[in-house]
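Any chance you could fold what I've pasted below:
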Amino acid sequence: MPINNFYKILGLHPQATEAEIKSAFRALAKKFHPDKVKGSSQDQRFSEIVNAYKVLSNKSRRFRYDAERRLAERDKMDVFVSQVKKPEKKARRSVNINPNLKMNENHAKVNSIFIIGLYVVLLIIIIMLLR
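A predicted model of the protein is given here:
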């Protein structure tokens, strides 16, 4: 289900402040108010404006709306990426080594401890087999 872009309805950018949201709502409410403009399409437009203001003026609703909007955009990108043709596999398997990847000291310590542990386990197994 597509999410209405409340920022677009109010003519704002996603980083708009509360004051900007309020002033944009007031200007659009004056312009599209059902008492001033007759027509069912204008009534629908006014209700969209009011709904957008209700969501964007409330901090928790706006936070939830922004999260849902980002999630919908990410899902749309996931669908796009899945539709992109994947490159054909090469006959030989190549190893992708990143020359910019550097191990820090903690990784080196963890790796050396892991290798020492493996040697100890292998030594214990050999001793048990020789008995």
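
CA atoms for contacts and neighbours, from now on please.
Noted.

Could you list every helix and strand in contact with the helix or strand of the chain with the lowest mean pLDDT?
Lowest on mean pLDDT, DSSP states H and E among the helices and strands of the chain sits helix 59-83, with a mean of 80. Contact partners of helix 59-83 among helices and strands, from 3 or more C-alpha pairs under 8 Å, 6 or more residues apart in numbering; DSSP states H and E: helix 40-57.

if we can go back for a sec, quick one: work out the angle between the least confident helix or strand of the chain and helix 40-57.
Angle, helix 59-83 to helix 40-57, by axes from the mean of the first three to the mean of the last three C-alpha atoms, to 10 degrees: 100 degrees.

measure the nearest residue to Gln42 once chain neighbours are set aside to Ser47 for me?
Leaving out its chain neighbours, the residue that sits closest to Gln42 by C-alpha to C-alpha, 6 or more residues apart in numbering is Phe32, at 6.3 Å. Using C-alpha to C-alpha, to the nearest Å, Phe32 is found at 9 Å from Ser47.

repeat for Asn5
14 Å.
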